[in-house]
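Chemist: Provided below are the primary sequence and the corresponding predicted coordinates.
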Amino acid sequence: MTHSELSVLCKSCKINPVALTRFPPLESLLSSASGYSNYRGILNWCVVMLVLSNARLFLENIIKYGILVDPIQVVSLFLKDPYSWPAACLIIVSNVFILAALYIERRLAVGTISETTGLILHLFNLTSLLIFPSASVLTVTSITPVGGVLSLGTYTVLFLKLYSYMDSNKWCREIRQAKAKRMTRSYSCPIVAQSNGSAVNTNVSYPGNLTHRDMYYFIFAPTLCYQLNFPRSPRIRKRFLIRRLFEMLFLMQLLVGLIQQWMVPSVQNSMKPFQVCINMETLTVPNHLIWLIFFYWFFHSSLNFVAELLQFGDREFYRDWWNSETVTYFWANWNIPVHKWCLRHFYKPMLRKGVNKFLAQTAVFLASAFFHEYLVSVPLKMFRLWAFMGMMAQVPLALFVSRFLNGNYGNAAVWISLIIGQPIAVLMYVHDYYVIHYGTVEALA
Ligand SMILES: CC(C)(COP(=O)(O)OP(=O)(O)OC[C@H]1O[C@@H](n2cnc3c(N)ncnc32)[C@H](O)[C@@H]1OP(=O)(O)O)[C@@H](O)C(=O)NCCC(=O)NCCS
C-alpha cells in the first residue's frame, strides 16, 4: 500500500496514520552508535560543578588569607621605579630591527645587494633581535621579571614575523626570476583576494609590497606568517569589537585577581617541606583555571579584537585542541599562529629537503623548547632548563600516548599532562627563584 492510499484509508476510518507507520530502529542517544555528539548541556553542567566545587576552596582561601587582591602591587610587577620604563623603551627600540628588515628587502628587490649579502644582513638582524633584548634584560637592573617577559615576548614575535617576511619576499623573487626566465612580462606574485593596509579590492604584487604601511600592517596583524595579500574582512563590526574589548578588560582583572588571591598562596603552601604532594592538588586547580582563562583571553578575545580593528580576515587562532586524543594533535591545534609558522618556515622546508618526519618534528620541538626557556630564564635571570625539558618531554610523551592510548584514554592523557605538567614547572621555577634571590623558600611564607 502506498503512502497516499494509506492516508486516504486512515482518513475514512478516522485513524491516526502515525499509529500504522513502521519506525526505523533507533539507538539510545548515549550509545556511540547513535552518532550523537552535542554535549553542550553536559559542558555547562561541568562548569557549574567546577564553580560549586571550587567555591568551598575559594571561601576557605578568603577566610584564611583575607582579601589579597591589590591593584598597586600589579603596577610594581611592571615597574620598579615610576620614572623609569625600561621594558617600554626596549619595545620602542624594536622599530630599528623592523625598519632594517624592510630596507634590506628594498635593496634586494632592486638588486643593489646580492642574495648572499641580503641573507647575511637578515641573519645579523635576526640574531641581534634575540641577543639585544636578552642582554638588556640581564644587565638593566630596573627591569622587572614581568617587564622582561613582555619585552622578550614582543621581540620573539618580531623574530618569527621578520623571519617569515624574509622567506616570503625571497619566494617572490624566485617566482619573479622564474617568470623572467620564461620571458613573461608579469612581475607579480600569485594573485590573492585583497591587499594589506586597506580593504579595497586591489592586489599588491612584489616589490610593491615593500612599504612602511604594508610592513606595519603585518607587524600589528595577529599572524606570524607574512603574505603579500592577507584575507580581509569587509568592515569593522562595532558590536563584536566592543564585546571582545569588554571580555579583554574583564578577564584581565579576573586573571590578576585569581593569581593574587589564589595562585600565590597555593604556591607558597606547596613550598612547605613534606607537603608538596598534598598541596600540589590545591595548586593544580587554580593553575589550570588561570591557564584556561588565559587561553580564552588571549586567543579568542585579544586576537579577535586586534583582527577586527585591522579588518584582518584569518581568525583561525585555535582549533578544537580540547578534543586532542594525541599530544601532537594538541600542539598542532592550540596555538595556530605558531603552528602555521612552524609548518611554513621550518617543518615543511625540512621535509622537502628529505629530513625524516620524526627528526623534523623533534627539531621543531627543540626550537620551541629553546624559545620557551628563553622567555622564562632570561627575565627570571636564572638558567634552570625546566621549560626546555618540559617542552622536549612532549616528544616521548607523544610517542607513548599515540602508541598505547587512543580515543577517550588518549584525550584524558592529554588533559592530565596539561593539568599536572604546568604546575610542576611553575613550582620548580618559583622554588629556584626564591632560593637564588632570598637564600630560602621560607621567604615565600
Ligand atoms: C611539529 C609540528 C609542526 C607537526 O605538525 P603536524 O600537523 O602534526 O604534522 P604532520 O606531519 O601531520 O604534517 C603537517 C603538514 O605537513 C605536510 N607534509 C607531511 N609530509 C610532508 C612532506 N614529506 N613534504 C611536504 N609536506 C609534508 C602535511 O601534508 C601537512 O600539510 P597540511 O597542514 O597542509 O595538511 C607540530 O606538532 C607543531 O607545530 N609543534 C610545535 C608547536 C609549538 O611549539 N607550539 C608552541 C605553542 S606555545
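Modeler: Nice, I can see it.
Chemist: From here on, just use CA atoms for contacts and neighbour counts.
Modeler: Will do.
Chemist: Neighbours of Ala221, how many?
Modeler: 22 (other Cα atoms under 10 Å).
Chemist: and what of Pro133?
Modeler: Residue neighbour count, defined by other Cα under 10 Å, stands at 24 for Pro133.
Chemist: Let me see the ranges of the helices in the stretch 301-445 of the chain.
Modeler: Along the stretch 301-445 of the chain, counting by DSSP state H, counting those that start in this stretch, helices occupy 303-309, 327-331, 336-342, 348-352, 357-380, 386-392, 394-404, 407-438.
Chemist: do the stretch 1-150 of the chain as well
Modeler: Using DSSP H, counting those that start in this stretch, the helices of the stretch 1-150 of the chain run over 3-13, 40-65, 71-78, 86-93, 95-110, 115-139, 145-181.
Chemist: just the stretch 151-300 of the chain next, same as before
Modeler: Under DSSP H, counting those that start in this stretch, the stretch 151-300 of the chain gives helices at 212-220, 238-258, 264-270, 276-295.
Chemist: Compare the helices of the stretch 301-445 of the chain and report which one is nearest to Pro133.
Modeler: helix 357-380 (9.5 Å; Cα to Cα).
Chemist: and that closest one, what other elements does it pack with?
Modeler: If contacts are counted by 3 or more Cα pairs under 8 Å, 6 or more residues apart in numbering; DSSP states H and E, helix 357-380 sits against helix 115-139, helix 145-181, helix 348-352, helix 386-392, helix 394-404.
Chemist: could you redo those as CSV and give each row mean pLDDT?
Modeler: Formatted as CSV, those follow (pLDDT from 0 to 100):
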stretch, mean pLDDT
helix 115-139, 96
helix 145-181, 94
helix 348-352, 96
helix 386-392, 90
helix 394-404, 93
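Chemist: Let me know which of the ones you listed is the nearest to Pro25.
Modeler: helix 394-404 (35.4 Å).
Chemist: Let me know which of the helices and strands packed on helix 357-380 is the nearest to Asn304.
Modeler: So among these, helix 145-181 is nearest, using Cα to Cα, at 17.2 Å.
Chemist: quick one on the thing from earlier: tell me the most buried of the helices of the stretch 1-150 of the chain?
Modeler: By mean neighbour count, with neighbours taken as mean count of other Cα atoms under 10 Å, helix 145-181 ranks first of the helices of the stretch 1-150 of the chain at a mean of 19.
Chemist: wait, does that helix contact the ligand?
Modeler: No. On the criterion Cα under 6 Å from any ligand atom, helix 145-181 is out of touch with the ligand, staying 11.3 Å away.
Chemist: right, so of the helices of the stretch 301-445 of the chain, which gets closest to Val137?
Modeler: helix 357-380 (6.5 Å).
Chemist: Please tell me how far the closest one is from the chain's geometric centre.
Modeler: In terms of Cα atoms, centre = their mean, to the nearest Å, the centre of helix 357-380 is set 14 Å apart from its chain centre.
Chemist: Over to stretch 224-232?
Modeler: Put simply, stretch 224-232 sits 18 Å off its chain's centre (Cα atoms, centre = their mean).
Chemist: And the average pLDDT for it is what?
Modeler: For stretch 224-232, mean pLDDT rounds to 96.
Chemist: near the ligand, which residues of the chain?
Modeler: For the chain, the contact set with the ligand under Cα under 6 Å from any ligand atom comprises 328, 331-332, 335, 338-339, 342-343, 347-348, 351-352, 361, 364-365, 368.
Chemist: one step back: now the helices and strands packed on helix 357-380 in a markdown table, with distance to Val435?
Modeler: Listed next are those as a markdown table, based on distance: least, Cα to Cα, whole Å:
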| stretch | distance to Val435 |
| --- | --- |
| helix 115-139 | 19 |
| helix 145-181 | 16 |
| helix 348-352 | 42 |
| helix 386-392 | 15 |
| helix 394-404 | 28 |
